[in-house]
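J.: fold the following for me, if possible:
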Amino acid sequence: MKLFFPEDLERYAQEHTTEPPEYLRELERETKAKMAAAQMLTGTVEGTLLKMLVGISGAKMVVDVGTFTGYSALMMAEGLPDDGEVVTCEISEENAEFARSFIAKSPNGSKISLRLGHALETLKSLPDASVDFVFIDADKICYAAYYEESLRILRSGGLIAVDNVFWSGRVLEPKDKDTRAIVAFNERVKNDDTVEKVMLSVRDGVYLIRKL
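T.: Residues are numbered from 1 along each chain as shown. Have a look, this model is predicted:
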């Protein structure tokens with residue numbers, strides 16, 4: 001992934017961010033060493049932002065759309081109270097197996113429920129207004145569908161954070177189907193008067209959305 005900011009600024013931001021626990025640093029090392037798509041890792045800066053948003057918002061029920069190796073789910077679990085829960089969605093058995101091994105190492109692993117299968121089906125299984133926080137970082141073609149279901153399950157005042165809304169800058173000149181899907185999603189949110197939103201220049205772009 002081409003970063004929106006220069007690599008030295010990304011590194012500077014990470015150096016000035018609270019360091020994650022050792023098991024998450026190990027997860028990052030193992031992901032980079034063993035996984036073909038290691039660039040999908042949420043990472044320290046964005047992960048810490050998610051943890052802080054979960055904690056500040058007082059969330060107890062969180063949905064993580066796209067587990068990958070478990071970094072985002074584990075970071076958000078760090079921000080939850082003892083009786084909080086993260087439902088994390090993953091379609092790849094290989095990714096799920098990797099994530100489970102680190103969930104087992106985490107002191108917050110008991111807060112995480114990993115659902116294997118298409119995330120849209122997991123979202124559809126959740127009751128209306130039952131969720132406090134949703135993080136979307138999965139297949140880009142489905143972003144609009146994930147957003148609609150997230151609005152349904154989210155309580156009033158709840159938050160949605162959506163990753164990769166810059167798509168390495170390609171949203172400025174959309175040519176492929178993934179980029180066009182992200183642009184369409186960004187416009188959908190921009191024109192949605194049922195939410196308050198701010199697009200953040202964190203890593204590859206994070207859209208932060210609050211349901212009114």
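J.: show me the shaky parts of the chain.
T.: For the chain, residues meeting the criterion pLDDT under 70 lie at 1-4.
J.: can you give me the strands in it?
T.: Here the chain has its strands, by DSSP state E, at 61-65, 85-90, 112-116, 131-136, 154-163, 195-200, 206-211.
J.: out of these, deepest packed?
T.: Mean neighbours per residue, mean count of other C-beta atoms under 10 Å, is largest over those for strand 61-65, with a mean of 28. Glycine gets a C-beta too; all of them are placed from N, C-alpha and C.
J.: spatially central residue for the chain, please.
T.: Phe135 (3.8 Å; C-alpha atoms, centre = their mean).
J.: and the gap between that residue and Ala161?
T.: Look at Phe135 and Ala161: by C-beta to C-beta, to the nearest Å, they are 5 Å apart.
J.: one more: Ser106?
T.: 21 Å.
J.: list the contacts for the nearest residue to Cys142 once chain neighbours are set aside?
T.: Excluding the flanking residues, the one nearest Cys142 by C-beta to C-beta, 6 or more residues apart in numbering is Leu120, at 6.3 Å. Counting by C-beta atoms under 8 Å, 6 or more residues apart in numbering, Leu120 touches 142, 145-146, 149.
J.: return the member of these nearest to Ser125.
T.: Glu149 (9.9 Å; C-beta to C-beta).
J.: so the closest one touches Thr122, yeah?
T.: No - distance between Glu149 and Thr122: 9.2 Å, which falls outside the contact criterion (C-beta atoms under 8 Å).
J.: report the contact partners of Ala184.
T.: Going by C-beta under 8 Å, 6+ apart, the list of residues near Ala184 reads Ala144.
J.: try Tyr23
T.: Taking C-beta under 8 Å, 6+ apart as the test, what Tyr23 contacts is 74, 102, 105-106.
J.: among those residues, which are in helices?
T.: 74, 102 (DSSP state H).
J.: of the contacts of Tyr23, which is the most crowded?
T.: Counting neighbours by other C-beta atoms under 10 Å, the top entry in these is Leu74, with 30 neighbours.
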